[in-house]
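Asker: Any chance you could fold what I've pasted below:
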Amino acid sequence: MKEGDKFGIWIAGAALRAGARDIDVLTLEDLGKQAETSGDLEQELAAMRQFDKEGGDFGAEIIGAIVIPILIEAGKQLWAAYVKKLTDKAAGALADATTDGVVQLVEHHWTDAPVEAASEFEAIVRAVGARQKLPQAQIDELAAAVRSSAMTKEVSAA
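Answerer: Numbers count the residues shown, from 1 in each chain. The predicted structure is shown next:
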């Protein structure tokens, strides 16, 4: 699995835990294990999106199937932004960033400037959510989780 995919899963998990979306966290963890085994996160996401709703379902699984890919995509975009920062600082000498290295950079940024860090990720989450036509209430809920002190704790616990 690509390093950016691993980071996307990690930051998506932090946002879901910050938003107290425990069922989605379990779904994400399962998705991560499947993607680690197959090596193909996009294939696993596609399979998750094909969830068949059964009679009596209340729709929570469907919301999770929408929210999780949005958070992963937003995480991958955040990854790209931080890799660019690392590459710029290294004057182009950085060939490959590792998930651990970027997680440490994110952790430091979130600790040093939590409002700025949360705002950057929130903007990406909102943009990806809007592009994926997620209902505004769901986008607002994810944005609130990203801005919360719980998110800061999740990122700091890395």
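
Asker: all contacts plus neighbour counts: C-alpha atoms, from now on.
Answerer: OK.

Asker: quick check, distance from the helix ranked longest in the chain to the centre of its chain.
Answerer: Ordering each helix of the chain by length in residues (DSSP state H) puts helix 60-89 first. Offset of helix 60-89 from its chain centre (Cα atoms, centre = their mean, to the nearest Å): 4 Å.

Asker: and that helix, what's its mean pLDDT?
Answerer: What helix 60-89 shows for mean pLDDT is 78.

Asker: That helix packs against which elements?
Answerer: helix 3-18, helix 22-38, helix 41-49, helix 99-112, helix 114-131 (3 or more Cα pairs under 8 Å, 6 or more residues apart in numbering; DSSP states H and E).

Asker: Repeat the analysis, applying 7 Å as the threshold.
Answerer: When contacts are defined as 3 or more Cα pairs under 7 Å, 6 or more residues apart in numbering; DSSP states H and E, helix 60-89 sits against helix 3-18, helix 41-49, helix 114-131.

Asker: Heading C-terminal from the last one, find the next helix or strand.
Answerer: Yep, that's helix 114-131 we're talking about. Sequence order places helix 136-147 as the next helix or strand after helix 114-131, per DSSP states H and E.

Asker: Okay, buried residues for that following helix please.
Answerer: Residues Ile139, Asp140, Leu142, Ala143, Ala144, Ala145, Val146, Arg147 are the ones in helix 136-147 that count as buried (16 or more other Cα atoms under 10 Å).

Asker: between those residues, which is closest to Lys2?
Answerer: Lys2 lies nearest to Val146 out of the buried residues of helix 136-147, by Cα to Cα, at 23.6 Å.

Asker: can you pull the contacts of Gly39?
Answerer: Gly39 makes contact with Met1 under the criterion Cα atoms under 7 Å, 6 or more residues apart in numbering.
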